[in-house]
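*Asks:* The sequence isn't on hand, but the structure is:
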């Protein structure tokens, strides 16, 4: 089975653009559809207050309502999900995705972008995605400003490796 027979999706939420960059690079590299998670009401805070707002959303387990999707994520063979790290875990819009879509028995890759510590972001994502085949995980430290070319190459290689694993299973 070839690469063209595999339906691929990269779904992501990005607040400052780091996760967006990595998601777009991966999608382009493997010919995947791209799904940007857009809350109906996005936070409008900058600076330190965004950390307070974001952290409070995590603590209160808030899940924002998302704009409708143009694709059905459960119809894909390979799904890559990306998130920024908020309060050492995934961002609330990614949690909304997990509640909205039945991802059971899919091959998945998960990634995060952070400016400090990754915390338990990937552990929490794996727990939320139990019942799926997590075939890879990776994190990126501020890819927009921290050696972007290296981060892009790392993302491209990782996405190709995920696709190779799915093609090998089919």
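*Replies:* Perfect, I can see it now. Please read all numbers here as calculations on a predicted model, not as lab measurements.
*Asks:* can you tell me which residues contact the residue positioned nearest the centre of the chain?
*Replies:* Geometric centre of the chain, nearest residue: residue 82, 1.2 Å, by Cα atoms, centre = their mean. Neighbouring residues of residue 82 by Cβ atoms under 8 Å, 6 or more residues apart in numbering: 10-14, 19, 22-23, 26, 110-113. Yep, even glycine has a C-beta here, placed from its N, CA and C like the rest.
*Asks:* And the closest residue in space to it that isn't next to it in sequence, what's its pLDDT?
*Replies:* In space, residue 82 comes closest to residue 12 once its chain neighbours are excluded; the distance is 3.8 Å by Cβ to Cβ, 6 or more residues apart in numbering. Looking at residue 12, its pLDDT is 98.
*Asks:* What of residue 116?
*Replies:* Value for residue 116, per-residue pLDDT: 85.
*Asks:* To what extent is it buried, counted in neighbours?
*Replies:* By the measure other Cβ atoms under 10 Å, the count of residues near residue 116 is 9.
*Asks:* Regarding it, what is its secondary structure?
*Replies:* coil (DSSP: H, G, I helix; E, B strand; the rest coil).
*Asks:* Next up, the contacts around it.
*Replies:* Here residue 116 is in contact with residue 85 (Cβ under 8 Å, 6+ apart).
*Asks:* same deal with the one 10 residues further on?
*Replies:* Contacts of residue 126 were listed using Cβ under 8 Å, 6+ apart, and they are 110, 134, 137.
*Asks:* Now for these, which sits with the most neighbours around it?
*Replies:* Highest neighbour count within the contacts of residue 126, by other Cβ under 10 Å: residue 110, with 25 neighbours.
*Asks:* May I have the beta-bridge partners of that residue?
*Replies:* residue 81, residue 137 (DSSP bridges).
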